[in-house]
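1. okay, predicted coordinates and the sequence, questions at the end:
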Amino acid sequence: MSFYKFLVPKIEKIITIIHTYDEEISKIIGKNTEEYRNNTAICIFSEDDINELGIKENTNVKINTKWGSVVLKAVKSQYTKKGVVLIPMGIWACQIIPSDIQKYGQIKYRNFKGFIESTDEKIKSYEELKNIFS
């Protein structure tokens, strides 16, 4: 655990759940595969946000929303806007999305607040998360 974590324990960001090409392809291959986990158990940050958190790429972060929490691997992208964290749709994203149904029966996947912190916790497997819903 770094000293920086004590200085900036949690940072609030806007969370948006997205569909990615890699997520869609790996879903076809199988949801209980390492490829699916590598493509969906991630959160995509701008380089500025990674630096603000004081972490390196490919380290674990914990995302907390008022609906739940999840541990994901931090990945940076030059295409991500500062202040917005992108998470591919999948069972990991389902741990933190709003549970209320929006107008026209849709679940809100975009622009909700979450708190992000570095963590030493491990990312749960697909099977572990699947058993939560069973």
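-> It's in. Numbers count the residues shown, from 1 in each chain.

2. show me what contacts residue 30?
-> residue 36 (Cβ atoms under 8 Å, 6 or more residues apart in numbering). Yep, even glycine has a C-beta here, placed from its N, CA and C like the rest.

3. distance check, it against residue 71.
-> 22 Å (Cβ to Cβ, to the nearest Å).

4. next one: residue 20
-> Applying Cβ to Cβ to residue 20 and residue 71 gives a distance of 19 Å.

5. now do residue 45
-> In terms of Cβ to Cβ, residue 45 sits 15 Å off from residue 71.

6. between these two, tell me which one has more neighbours.
-> residue 45 (26 against 18; other Cβ atoms under 10 Å).

7. wait, that one touches residue 72, no?
-> No: because the distance of 10.4 Å does not satisfy Cβ atoms under 8 Å, residue 45 is recorded as not touching residue 72.

8. now do the strands in the protein.
-> Using DSSP state E, the strands assigned to the chain run over residues 11-18, 42-45, 60-65, 68-76, 84-88, 112-118.

9. what's the closest of those strands to residue 125?
-> strand 68-76 (11.3 Å; Cβ to Cβ).

10. which elements pack onto the closest one?
-> Applying 3 or more Cβ pairs under 8 Å, 6 or more residues apart in numbering; DSSP states H and E, one finds that strand 68-76 makes contact with strand 42-45, helix 47-53, strand 60-65.

11. quick one: it to strand 112-118, angle?
-> 70 degrees (axes from the mean of the first three to the mean of the last three Cα atoms, to 10 degrees).

12. mind listing what's buried along strand 68-76?
-> Residues of strand 68-76 classed as buried by neighbour count (16 or more other Cβ atoms under 10 Å): 70, 71, 72, 73, 74, 76.

13. and stretch 120-134, by the same measure?
-> Quick answer for stretch 120-134 (16+ other Cβ under 10 Å): 123, 124, 126, 129.

14. so what pairs up with the residue nearest the centre of the chain in the strands?
-> The C-alpha lying nearest the average C-alpha coordinate of the chain belongs to residue 43 (Cα atoms, centre = their mean; 4.0 Å). Going by DSSP bridges, residue 43 is paired in beta bridges with residue 74.
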